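1. A structural model of the following input is requested.
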Amino acid sequence: MLAIVDYGAGNLTSVRRALEHCGIPSVVTANPDELLAAEGVIFPGVGAAGQAMKALADAGLEAPLREIVAAGRPFLGICLGCQILLEKSEEGDVTTLGLAPGVCRRFPPAMLEEDGTPAPVPHMGWNRLEVVRPTRLLAGIAPEAEFYFVHSYYVDTEPALEIARTRYGREFCSVYGRDGFWAVQFHPEKSGRPGLRLLENFYAYCREAACSRNGS
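-> Model prediction:
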């Protein structure tokens, strides 16, 4: 069973439906005990960093999320959930969770695509990933696969954590983390077959990790 964190700042219905489509059991919850008991946790998000951090604080979820990550439980951050795992966001100059090193930065104004056409902010649309460090989260996904992005800010983290990059006006990190702790800037739940494969890969890792913890 996967747990989807309900803190009032996530696209919860779309994530749950995508998991249902894959036959993956899940629960949407703000209950710390349910989150800690789950085989893996998905941390989605849309909206502003400051509002999301206030919602997490009001729900008493900051400490449980830190406990989940510290315990090595499988964890997947999506979009805003990817950004506020870092130490700080330029969106309102907000201190964020600090579960990964780095800063969430705003795209610079007047960006241009490689062909010289404007690259409006927010970045909305389909883009490819350039994998810089292979990971099982992206196993079986074709290099030409595209994912759906909606964001005005991008992740600036340590190069050693970068898994994939994407170009939109500039290059930015679109997937980061390590085995069992991943974050993606795009919306896998809105990205068709490649996004569903990513969610399936995450669940497969969660099941293996659970079996290993249980000694079976």
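2. what's downstream of the top strand by length along the chain, the next helix or strand?
-> In the chain, with assignment by DSSP state E, the single longest strand is strand 170-178. Counting by DSSP states H and E, the next helix or strand C-terminal to strand 170-178 is strand 181-184.
3. got the angle between the next helix or strand after that next one and strand 170-178?
-> Using DSSP H and E, the helix or strand that directly follows strand 181-184 along the chain is helix 192-214. Helix 192-214 and strand 170-178 are oriented at 30 degrees to each other (axes from the mean of the first three to the mean of the last three Cα atoms, to 10 degrees).
4. helices and strands around helix 192-214, which ones?
-> helix 12-21, strand 40-43, strand 146-151 (3 or more Cβ pairs under 8 Å, 6 or more residues apart in numbering; DSSP states H and E). C-beta: built from backbone N, CA, C; applies to glycine.
5. low pLDDT regions in this protein?
-> Per-residue confidence of the chain (counting by pLDDT under 70) places the weak regions at 10, 216.
6. how does it look with 80?
-> Along the chain, the parts satisfying pLDDT under 80 run over 9-11, 214-216.
7. Just confirm Y205 contacts G180, I think it does.
-> Yes: when contacts are counted by Cβ atoms under 8 Å, Y205 is listed as touching G180 (6.7 Å).
8. Need the residues touching each of these two.
-> By Cβ atoms under 8 Å, 6 or more residues apart in numbering, Y205 and G180 have these common neighbours: P74.
9. For P32, find the nearest of the helices and strands packed on helix 192-214.
-> Of all the helices and strands packed on helix 192-214, it is strand 40-43 that lies closest to P32, at 11.0 Å by Cβ to Cβ.
10. For E144, give me its contacts.
-> R128 are the contacts of E144 under Cβ under 8 Å, 6+ apart.
11. let's see it at 10 Å
-> Residues near E144 by Cβ atoms under 10 Å, 6 or more residues apart in numbering: 128-129, 194.
12. now the helices and strands packed on helix 192-214 as CSV including distance to D33 and mean neighbour count?
-> Converted to CSV, the helices and strands packed on helix 192-214 look like this (distance: least, Cβ to Cβ, whole Å; neighbours: other Cβ atoms under 10 Å):
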stretch, distance to D33, mean neighbour count
helix 12-21, 19, 17
strand 40-43, 13, 26
strand 146-151, 32, 20
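13. how about those, which one is nearest K88?
-> Closest to K88 of the helices and strands packed on helix 192-214 is strand 146-151 (Cβ to Cβ; 16.4 Å).
14. Who are the packing partners of that closest one?
-> On a contact count with 3 or more Cβ pairs under 10 Å, 6 or more residues apart in numbering; DSSP states H and E, strand 146-151 meets helix 80-83, strand 123-128, strand 162-168, strand 170-178, helix 192-214.
15. and the ones you listed, which is most packed in?
-> With neighbours defined as mean count of other Cβ atoms under 10 Å, the helices and strands packed on strand 146-151 peak in mean count at helix 80-83, which reaches a mean of 28.
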